[in-house]
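[1] Sequence first, predicted model second:
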Amino acid sequence: MTIKKEVLSGNQAIARGFYEAGGCVATAYPGSPTVEIIDSMRQYEEVYSEFATNEKVALEMAIGSTYGGVRTLCAMKHVGVNICMDPLMSFTQTPIDSGFVLVTGDDPGMSSSQNEQDNRILGKFANMGILDPCDSQESKDFVKICLDLSEKYHVPMMLRITSRLCHSRSLVELNEREEHMGEVFKPDPTKYCMLPPHTFAHQYSMKERIENLEKWANDAEINKFEDFGGDDLVITSGIAYNNFKEAAPEVSVLKLGMVYPLPIEKIKTLKKKFKRVVVIEEMMPFIENELKINGIDCVGKEAFSFTNELMAENIEEGLVKLGVLGERKIKDAFKDDTTARGPLFCAGCPHRPVFDILKKAKVNVVGDIGCYTMGLLFPFEVLNINISMGASLGIIKGLRIALDKHEDDRPLVGVIGDGTFFHSGLPGFANIRYQLKGNEKITMIVLDNGTTAMTGGQPTAASYERDHMGQDISIEDILKDMGITDIERIDQFNYKDAKKKINDAINREGISVIITSRPCALRYKVKNPHFFVDPEVCIGCRTCIKTNCPPLRMREYDGIDKKKSSIDPKQCVGCSICAQVCPVGAIKNIKSVEKKEAK
């Protein structure tokens, strides 16, 4: 029998593993690095998959389907678990009969995140078993193991992955789907209603479940010991194991598949063979602390960084520092001589004119999480505060109250995207309307581009194609029902009119809301006739360049001494903002010129 194999990313492998394991319901909120799990899940008709409006709702849906008797997966990035901690902490008290796995994508190095938290700590806090795969094959296999353990020990499981594992690819064996249907939901308040006195008994059952998982872990094949002799035993897990093997292929190692609870008895037995235990793990000293709690002496973070990824050269350096290795042999990471380029809005991005207008208005702006977070970077540098999803609304109200205490009446502006509006903006808007005098200068700009753009163009609750009835949810109607009356939708590509309306709103008293209307150029593949620069008219003032649009750059023209701006026609999507900000009319549309020449 020929075994079918395919090269898959870690995310794709997780989706495949859930399908093969008989999974039925997969929920998520889009956030890097785990977005591709649900995107990949959509190819499997047997699985119902959905991007919910936020992580809390995604988890609550998953709780319902688990109680309903089907295998369930819920995926989110590491900070998403913060959003769903309230239901999670109660859910993990309940005994479950159908398999449940929470996939959390940690982000060592913060390549796409505002912080670098270690969700192994949250998994332990929530009394969940935690598995930590090292490659795509294990990512697929560990999903099934999580579901099996979940059903065997009646415990929700966590599959903890990291950004590099999510996106890296390796060979994976493919198997057929095995159906696993649990019993249909049967009402039982003692299991599903988490109020005293029911919860008292569950405190003991949670403890018992973790103890049972630890017994299983001591004999589990996913905790693999490789014996090369020597004085040192390395304990590691996840993708750090692969980097360790590159740095020290002949040092004895225990590669953990389950990182909580640890196979303590197995480790105590192995330790007798070695003089020292060295723990290699990214971010927090989680394994290290667990060993020390259980009386197992070890070293770790004194030699390895608590932040960023641990690449092979970092691990080798730490092992040399500890004396496990004699000298360094791996060269430092390849240094790219390519000119560095910071992140910027795409060509034709509808956020660009808004931030150009706000910069020129010289107003204090509270930011939020999304593509528009880049408004804090050069050349706009508009955002003064940027914390977390939906936080702009609560922060702007608190800041307004504080400034009023100082008798400082400068206007405040907040920006929030349509995806974040539904994710966590609704309570903030309700609260911003609540208990204000009515003469505060607060302007909120809802950047409605029809998609959750930063994570790959997933739909929002207001995206037209999301509602099969052919109607979207109106952001304006929701705000009006909250009692907010000063609302105006603008076309930000009509730059002059948009600038006037935004500035007028900023200077009005009370709560004003501006809603933009242009779609994401990338998601909806916006492409109009391109623009070009007439170098004879251009004065080289760089006003267009300051909009930071990718097709724009300064260049030399034959016969002209001074550098003038130019537009790459292959990148230009014809948004026209550069032409509208040009003070001398040097930027023209190719179609309009062709029409004139044709006449």
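    Great, that's in hand.
[2] Where does the prediction get shaky in the protein?
    Confidence mapping of the chain against pLDDT under 70 gives the ranges 1, 332-337, 464-471, 593-599.
[3] Domains of it: list them as residue ranges, please.
    Residue ranges for the domains of the chain, per automatic domain parsing: 5-219, 224-322, 351-516, 531-598.
[4] Of all the ones you listed, which one comes closest to Leu344?
    Of all these, domain 531-598 sits nearest to Leu344, with 5.3 Å by CB to CB. For glycine as for every other residue, the C-beta is placed from the backbone atoms N, C-alpha and C.
[5] Run the chain-centre distance for the closest one.
    36 Å (CA atoms, centre = their mean, to the nearest Å).
[6] Mean neighbour count and distance to Thr338 for the domains of the chain - can I get that in TSV?
    Listed next are those as TSV, based on neighbours: other CB atoms under 10 Å; distance: least, CB to CB, whole Å:
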stretch	mean neighbour count	distance to Thr338
domain 5-219	21	18
domain 224-322	19	19
domain 351-516	19	18
domain 531-598	16	16
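[7] Packing partners of the lengthiest helix in the chain?
    If you go by DSSP state H, the chain has its longest helix at helix 198-219. Judged by 3 or more CB pairs under 8 Å, 6 or more residues apart in numbering; DSSP states H and E, the packing partners of helix 198-219 are helix 136-153, helix 189-192, helix 264-271.
[8] what's the first one packed up against?
    So that's helix 136-153. So helix 136-153, by 3+ CB pairs under 8 Å, 6+ apart, packs with strand 5-9, helix 10-20, strand 100-106, strand 129-131, strand 157-162, strand 169-173, helix 198-219.
[9] contacting residues around the strand or helix carrying Ile37?
    In the assignment (DSSP states H and E), Ile37 maps to helix 35-41. Identification of contacts with helix 35-41 by CB atoms under 8 Å, 6 or more residues apart in numbering yields 9, 11-12, 14-16, 18-19, 26-28, 30, 47, 49-51, 73, 75, 103, 166-167, 455-456, 458.
[10] Kindly format the C-alpha coordinates of that helix as PDB.
    Extracted as PDB, the C-alpha positions of helix 35-41 are listed here (Å, rounded to 0.1, in the frame of the first residue of the first chain):
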ATOM      1  CA  VAL A  35      -5.200  32.300  10.200                       C
ATOM      2  CA  GLU A  36      -4.300  29.500   7.700                       C
ATOM      3  CA  ILE A  37      -5.800  26.800   9.900                       C
ATOM      4  CA  ILE A  38      -9.400  27.800   9.200                       C
ATOM      5  CA  ASP A  39      -8.600  28.900   5.600                       C
ATOM      6  CA  SER A  40      -7.200  25.300   5.000                       C
ATOM      7  CA  MET A  41     -10.100  23.700   6.800                       C
END
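[11] Name the next helix or strand following it along the chain.
    strand 48-51.
[12] what residues are up against Pro261?
    Contact analysis of Pro261 by CB under 8 Å, 6+ apart lists Gly129, Ile210, Glu211, Leu213, Glu214, Ala217.
[13] do Ile502 as well
    Taking CB under 8 Å, 6+ apart as the criterion, Ile502 is in contact with Val354, Ile357, Leu358, Ala361, Thr443, Ile445, Ile490, Ile514.
[14] Phe286 now?
    Contacts for Phe286 (CB under 8 Å, 6+ apart) come out as Asp118, Arg120, Ile121, Lys124, Val259, Tyr260.
[15] tell me which of those residues is nearest to Val581?
    Once CB to CB is applied, the member of the contacts of Phe286 that ends up nearest Val581 is Asp118, at 45.2 Å.
[16] That'll do, ta.
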